[in-house]
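[1] Predicted model, plus sequence, below.
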Amino acid sequence: MAFSTVGLPEEQRVDLWESHNADALIGLRCRTLTAAVLEATEINVQLERVHLARVRGSSHVVERDLAMIRQRPAESVAMFFSLAGEAFFYHDDGVRTVQPGQLLMCDADRPFMRGFSQGLEELVLKIPRDVFADVTGIDRVPRPLVVDFAAGSNSFAHTLARLVGGAARDHDPSPVEERSLLELVAALTGKKGENDLAAAHRAAACSYIEQHLADPSLSAAQVAAAVGISTRHLSRVFADADTSLPRHVLALRLDAAHQLLERPAATSMTIAEIAHHCGFSSAAHFSHAFSTHFGERASDVRRRATAARAIPLV
């Protein structure tokens, strides 16, 4: 579900933005810093228990005071991933500045004020408090927590941001498993069992692999370093899922190549170029692996896709 104030009557924008957020995400009072008109958009994705959002907006301030909390209790823990625009977060235990590449986690039913002097783009993950307690073992979040999620910092936070961002984007959103999100949250908070941690490591590794799939030099050591574990432990993490890192990478690359072969936009690429684009250093290895995996040659897939596009519509 998407909502935008752009194009709405200027005098109604703040009220309509507040109403949308109260119904779809978290109830807030909003005001602009100057006489400027509020321009804001929000993409909302509701999973079985958790809620995801992508929020963009011009400069403004939002407040969630006791009256709003009583009127619209969220009963949730909120995680805000800043993508653009410095923000301040005023809470009863002080003020924090949140920079792009940082995640702020807080109890949505404790009063706060947030300000975005240069506008914002952020991702939001809202988790019901009972679900959060169940997966993390933490009953309450008494004070806000700020964590870096930029690449190379916290692999769990980085993967969370990537999954939420992929699911809550304007075009071609990526499906996301709620279980993977919650396992990553458990790992991020440091309250997890061995199985949860292995699943979170696997999710982080898979996310990193997808980002670097086109790199033919992608190695287990590189993935393990990005996740923050040893290569031996990385091997066990994939073995627990009845696969291995090389098999997982190969399957992803073959699937990506198969999709490209079926796309009209890729008809100008040779099969060797598609293989290279998907991370294969050898066209011969790609051809053999493709035939073994799909039971047909890459050229057959392209020929069939080209023929299907050539059939005139009656």
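    Received it, and whenever you're ready, just let me know what you need.
[2] buried set for stretch 7-15?
    For stretch 7-15, a neighbour-count test (16 or more other CB atoms under 10 Å) marks 8, 13-14 as buried. (Each C-beta comes from the backbone N, C-alpha and C, glycine too.)
[3] so can I have CSV of those residues showing secondary structure?
    Output for these, formatted as CSV (DSSP: H, G, I helix; E, B strand; the rest coil):
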residue, secondary structure
L8, coil
R13, helix
V14, helix
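[4] Any chance of those residues in JSON lines with pLDDT and distance to Q99 as columns?
    Shown next, in JSON lines, are these (pLDDT from 0 to 100; distance: CB to CB, whole Å):
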{"residue": "L8", "pLDDT": "95", "distance to Q99": "31"}
{"residue": "R13", "pLDDT": "95", "distance to Q99": "27"}
{"residue": "V14", "pLDDT": "95", "distance to Q99": "26"}
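[5] all strands of the stretch 101-250 of the chain, in order?
    102-107, 112-116, 120-128, 145-148 (DSSP state E, counting those that start in this stretch).
[6] Nearest to E75, out of the ones you listed?
    With CB to CB, the closest approach to E75 among those belongs to strand 120-128: 6.2 Å.
[7] what is the mean pLDDT for the closest one?
    Regarding strand 120-128, the rounded mean pLDDT is 97.
[8] Over to stretch 173-188?
    On average, stretch 173-188 scores 88.
[9] residues of that stretch that come out buried?
    176, 180-188.
[10] before we move on, the earlier item: could you dump the strands of the stretch 101-250 of the chain into CSV with mean neighbour count added?
    Formatted as CSV, the strands of the stretch 101-250 of the chain follow (neighbours: other CB atoms under 10 Å):
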stretch, mean neighbour count
strand 102-107, 22
strand 112-116, 20
strand 120-128, 22
strand 145-148, 15
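[11] Run a quick neighbour tally on H171.
    Residues near H171, counting by other CB atoms under 10 Å, number 4.
[12] gap between it and R54?
    12 Å (CB to CB, to the nearest Å).
[13] what residues go with each domain of this protein?
    2-193, 251-310 (automatic domain parsing).
[14] Show me the shaky parts of this protein.
    Scanning the chain for pLDDT under 70 picks out 191-196, 308-314.
[15] Could you pull up the residues touching S117?
    33, 59, 85-86 (CB atoms under 8 Å, 6 or more residues apart in numbering).
[16] ok, and the most crowded of those residues?
    Sorting the contacts of S117 by how many neighbours each has (other CB under 10 Å) puts G85 first, at 19 neighbours.
[17] Might one say that that one is in contact with Q102?
    No - judged on CB atoms under 8 Å, G85 makes no contact with Q102 at a distance of 11.6 Å.
[18] wait, which of the domains of the chain is closest to H201?
    From the domains of the chain, taking CB to CB, the stretch that ends up closest is domain 2-193, at 7.6 Å.
[19] chain center to that closest one: distance?
    Chain-centre distance of domain 2-193: 13 Å, with CA atoms, centre = their mean, to the nearest Å.
[20] beta partners of R29?
    Residues in a beta bridge with R29, per DSSP bridges, are E63.
[21] List the residues that contact it.
    Contacts of R29 (CB under 8 Å, 6+ apart): 18, 62-65, 68.
[22] which of those residues are buried?
    Using 16+ other CB under 10 Å, the buried ones in the contacts of R29 are 18, 62, 64, 68.
[23] Show me the two of these that sit farthest apart.
    Every pair of the buried ones among the contacts of R29 checked by CB to CB; the farthest is E18 and R64, at 11.0 Å.
[24] Common neighbours of these two, please.
    Common neighbours of E18 and R64, using CB under 8 Å, 6+ apart, are 27-29.
[25] Looking at those, spot the one nearest H233.
    For the shared contacts of E18 and R64, the nearest to H233 is L28 (42.3 Å; CB to CB).
[26] picking up where we left off before, among the contacts of R29, which two are most distant?
    The most widely separated members of the contacts of R29 are E18 and D65, with 13.0 Å between them, by CB to CB.
[27] Can you give me the distance of R202 to A241?
    Look at R202 and A241: by CB to CB, they are 6 Å apart.
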